[in-house]
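Engineer: dropping a prediction and its sequence here:
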Amino acid sequence: MAQQEEITPLEHRTTTVEQGPFCLARCICGWRGPARRARSLARTDAENHLTAAR
Ligand SMILES: [Zn+2]
């Protein structure tokens with residue numbers, strides 16, 4: 001019996017992108033966080049997204 005390959009779930013990988021004076025989190029799934037003034041906030045958005053995606 002042939003083993004069926006599991007479909008790999010959509011991966012989430014976040015990065016922070018600088019846009020002018022703002023910084024925002026981005027994910028390879030297409031998600032984008034709100035523009036933040038501080039990179040630390042964008043990182044928090046990214047972490048929240050990863051947690052919420054599970
Ligand atoms: Zn994602």
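Structural biologist: Yep, it's here. All values reported here derive from a predicted model rather than from experimental measurement. Numbering: from 1, shown residues only.
Engineer: just how off-centre is the helix or strand where residue 45 lies within its chain?
Structural biologist: With elements taken from DSSP states H and E, the one containing residue 45 is helix 39-52. Remark: helix 39-52 is offset 8 Å from the chain centroid, using C-alpha atoms, centre = their mean, to the nearest Å.
Engineer: stretch 28-40 too?
Structural biologist: The answer for stretch 28-40 is 8 Å, by C-alpha atoms, centre = their mean.
Engineer: do that stretch and the ion meet?
Structural biologist: Yes. Counting by C-beta under 5 Å from the ion, the ion has neighbours in stretch 28-40: 29, 31. C-beta coordinates here come from the backbone N, C-alpha and C atoms, glycine included.
Engineer: how far does that stretch stretch from start to finish?
Structural biologist: 19 Å (C-alpha to C-alpha, to the nearest Å).
Engineer: and the contacts of it?
Structural biologist: For stretch 28-40, the external contacting residues (C-beta atoms under 8 Å, 6 or more residues apart in numbering) are 10-14, 16, 18-19, 21-26, 42, 45-46, 49, 53.
Engineer: need the buried ones from these selected in PyMOL.
Structural biologist: Those of the contacts of stretch 28-40 that count as buried under 16 or more other C-beta atoms under 10 Å are selected in PyMOL with:
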select buried, resi 12+14+16+23+24+25+26+42+45+46+49
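Engineer: the ion next: which of the contacts of stretch 28-40 are close?
Structural biologist: residue 12.
Engineer: show me the shaky parts of this structure.
Structural biologist: Residue ranges of the chain with pLDDT under 70: 1-9.
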